[in-house]
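> the following comprises the amino acid sequence and a computationally predicted model.
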Amino acid sequence: MLGVAYMNTTTDTREKVYDILKSFSTAMFVTVGPAGRPEARPMQVARVEESGEIWFFTGRGGTVATEIEQEAVVLLSFQKDNSAFLSIRGKARNVVDRTRISEFWKEAYRVWFPGGPGDPEIELVAVDPIDAEYWDNRGSNKLEYLFESAKAYVKGEKPDVGDPDHHAKTSL
């Protein structure tokens, strides 16, 4: 079994989560759909606040907005090549705030919202993180992971990835 460090609310793992989170631009946004079925779709991250809140654009009355009204707990899943993985469970809410919509607006969103930031069909989704789990193989962590993997392979064992710098679960 993989060595997994489980940490409650330590500052280090929280900071690690937000450091990794800021490196992503897209998430697989998973809601609970009809009959309790998980529904996933890629969504562009509009903003990550210092408070940890994660913001997305969505269509008013669309599938995402409707499913959040039915069940607010969502899962965000992120992956960058084979170097960083992050999952965040959080509580989502639909927000209609024209000031924030204008502030978060990127021209690339016009593909989905042709009326621009003033499009009345736009609303935001704010996700307040509850907890997270990450696997970080970036930079020097990648070298350490490759070393642990090679060592385990030669010994016919599983690699020890229990170092919280590489992998941890944390409450947020």
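Perfect, thanks for sending it.

> for the spatially most central residue of the chain, give its distance to residue 110.
To find the centre residue of the chain, average its C-alpha atoms and take the closest one (Cα atoms, centre = their mean): that gives residue 76, at 4.0 Å. The span separating residue 76 from residue 110 equals 24 Å under the rule Cβ to Cβ, to the nearest Å. C-beta: built from backbone N, CA, C; applies to glycine.

> one more: residue 125?
19 Å.

> give me the more crowded residue out of these two.
Legend: neighbour count by other Cβ atoms under 10 Å for residue 125 and residue 110, higher for residue 125 (21 against 13).

> what helices or strands is the strand ranked longest in the chain leaning on?
The longest strand of the chain (DSSP state E) is strand 122-136. Helices and strands in packing contact with strand 122-136 are listed as helix 11-21, strand 54-59, helix 63-70, strand 73-80, strand 84-95, helix 98-104, strand 167-171; criterion 3 or more Cβ pairs under 8 Å, 6 or more residues apart in numbering; DSSP states H and E.

> just name the most buried of those.
Burial among these, expressed as mean neighbours by mean count of other Cβ atoms under 10 Å, is greatest for strand 54-59, which shows a mean of 21.
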